[in-house]
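1. structure, please.
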Amino acid sequence: MKQLTLGQSDLRVSEYCLGTMTYGGQTDETDAHRQLDMAQAAGVNFLDAAEMYPVHPVTLETAGRTEEIIGRWIAARRPQDLVVATKITGAGSNAVKDGPPITARRMRAAVEGSLARLQSDCIDIYQLHWPNRGSYHFRKYWSFDPRSQDRAETLAHMAEILSCAQDLITEGKIRHIALSNESAWGLASWLNLAEAEGLPRMLSMQNEYSLLCRIFDLDMAEACWNENVPLLAYSPLAAGLLSGKYAGNVTPDGSRRERSPDLGGRITGRVFEAVSGYLAIAQEFGIDPVHLAVQWTRTRPVPTLPIIGATTSQQLEHLLIGSEVTLCEDVRAAVDQLNQAMPMVY
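-> Residues are numbered from 1 along each chain as shown. Coordinates of the predicted model:
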């Protein structure tokens, strides 16, 4: 597995990041540990978690279970070069009592909780799961309206969080702070404030990105390229749609769609037509559709690391093989042509 330096840091991470959001939910602890062992053996040293995981559903009763499973694996294996990213839950989540917004006090308590569950002394990358002011992610762009945002309040919040991050870094509890589900204006504001006040710089951006979800390609791509902020691309398989397992609008037993029939808003009137197009490209060039979808993210202009997640170790084994696949120019051209014909399908 190739490794690279992540953004403006000294962290060396594998080009694939292992997502863990099913651990403790759809994936039991035995198979979760098997997945972690498989990933490590394949050269994956980068894990992504969150205090609210597992998902589908997210509940107060299960929140933190994923980090606990990872923590027991870390305690048993003691991996030397592991890089762990986790997240503080944003406002309104039912994974935290009363769904409070992110504040310095709340972040400090959340860091302590994650450290205890992960059985670690320091979190390598600590991410804000989504901004307090709200965002257009999770299919909210169809009704996005920023008029409720208060600029002064947002900037004061950012200063508070960056100051707290500085204290946590000084105390050795986190190494870097980062973003998730943010916008170009949000990223620019965080970076400008950090530079002006000598506070920690946001290291990376974790947003949804796949052949079916390419909002990142415009303003976000420009901002991340110019500021050397890499993208951690979640849902590169579009919640399994790009694997082809839901083709024909079916719902396989035990699949994510059993728990979330519309796959979080991804099932739309045009999505299966687009999926069919990408499956056809994969077939034409003799590439597994899963490998096409994941490896495509590695071809993008902005440094992009796909977050691969699997319900079972068998699925993960198949995903890991794809790291050796190379996409030729003809494949990329076919993908671009289909995207122009069917953009923004969900």
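2. show me where this protein has its helices.
-> For the chain, the helices defined by DSSP state H cover 29-41, 65-77, 104-118, 151-170, 184-197, 219-227, 256-259, 271-284, 289-297, 313-321, 329-341.
3. list the buried residues of the fourth one.
-> Looking back up the chat, that one is helix 151-170. Neighbour counts over helix 151-170 (16 or more other Cβ atoms under 10 Å) mark 154, 157-159, 161-162, 164-166, 168-169 as buried. For the C-beta atoms, the positions are set from N, CA and C on the backbone; glycine is no exception.
4. and of the residues you listed, the nearest to Ile102?
-> Ile161 (6.6 Å; Cβ to Cβ).
5. just to revisit the earlier point, looking at the helices of the chain, which is buried most?
-> Among the helices of the chain, helix 289-297 has the highest mean neighbour count (mean count of other Cβ atoms under 10 Å), at a mean of 22.
6. so how far is Arg78 from Leu319?
-> According to Cβ to Cβ, to the nearest Å, Leu319 stands 25 Å off from Arg78.
7. report the central residue of the chain.
-> Closest residue to the average C-alpha location of the chain: Tyr234 at 3.6 Å, with Cα atoms, centre = their mean.
8. what sits against the residue nearest to that one when sequence neighbours are not counted?
-> In this structure, Tyr234 finds its nearest non-sequential neighbour in Ile307, 4.7 Å apart by Cβ to Cβ, 6 or more residues apart in numbering. By Cβ atoms under 8 Å, 6 or more residues apart in numbering, the residues touching Ile307 are 17-19, 48, 206, 232-236.
9. tell me how many other residues crowd Asp81.
-> Around Asp81 there are 13 other residues, counting by other Cβ atoms under 10 Å.
10. distance of it from Met158?
-> For Asp81, the distance to Met158 - Cβ to Cβ - is 32 Å.
11. before we move on, what about Arg133?
-> Per Cβ to Cβ, Arg133 is found 10 Å from Met158.
12. do Pro57 as well
-> From Pro57 to Met158 the distance is 31 Å (Cβ to Cβ).
13. if we can go back for a sec, closest to Asp217 among the contacts of Ile307?
-> Nearest to Asp217 among the contacts of Ile307 is Ala233, at 11.6 Å by Cβ to Cβ.
14. pretty sure that closest one sits against Thr304.
-> Yes. Using Cβ atoms under 8 Å, Ala233 is in contact with Thr304, at 5.3 Å.
15. who touches both of the two?
-> Common neighbours of Ala233 and Thr304, using Cβ under 8 Å, 6+ apart, are 209, 297.
16. who touches stretch 98-106?
-> 88, 90-93, 128, 132, 157, 160-161, 163-164.
17. sorry, wrong one. I was asking about stretch 130-137.
-> Residues outside stretch 130-137 that contact it (Cβ under 8 Å, 6+ apart): 90-91, 101-102, 140, 144, 148-150, 154, 157, 180-183, 186, 207-208, 215.
18. so how do I select the buried members of the residues you listed in PyMOL?
-> The buried residues among these can be selected in PyMOL (16+ other Cβ under 10 Å) with this line:
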select buried, resi 90+91+102+154+157+180+181+182+183+186+207+208+215
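19. in strands only, show me the contacts of stretch 130-137.
-> Secondary structure defined by DSSP state E assigns 180, 207-208 of those to strands.
20. make CSV from those and add pLDDT and distance to Val331 to it.
-> Compiled in CSV, the ones in strands among the contacts of stretch 130-137 are given as follows (pLDDT from 0 to 100; distance: Cβ to Cβ, whole Å):
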residue, pLDDT, distance to Val331
Ser180, 98, 29
Asn207, 98, 24
Glu208, 98, 22
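21. of the buried residues of helix 151-170, closest to Gln3?
-> Gln3 lies nearest to Ile169 out of the buried residues of helix 151-170, by Cβ to Cβ, at 23.4 Å.
22. what sits against the closest residue in space to that closest one that isn't next to it in sequence?
-> What sits nearest to Ile169 in space, not counting adjacent residues and going by Cβ to Cβ, 6+ apart, is Pro200, at 6.0 Å. Neighbouring residues of Pro200 by Cβ under 8 Å, 6+ apart: 162, 165-166, 169, 176-177, 194.
23. good, we can wrap up now.
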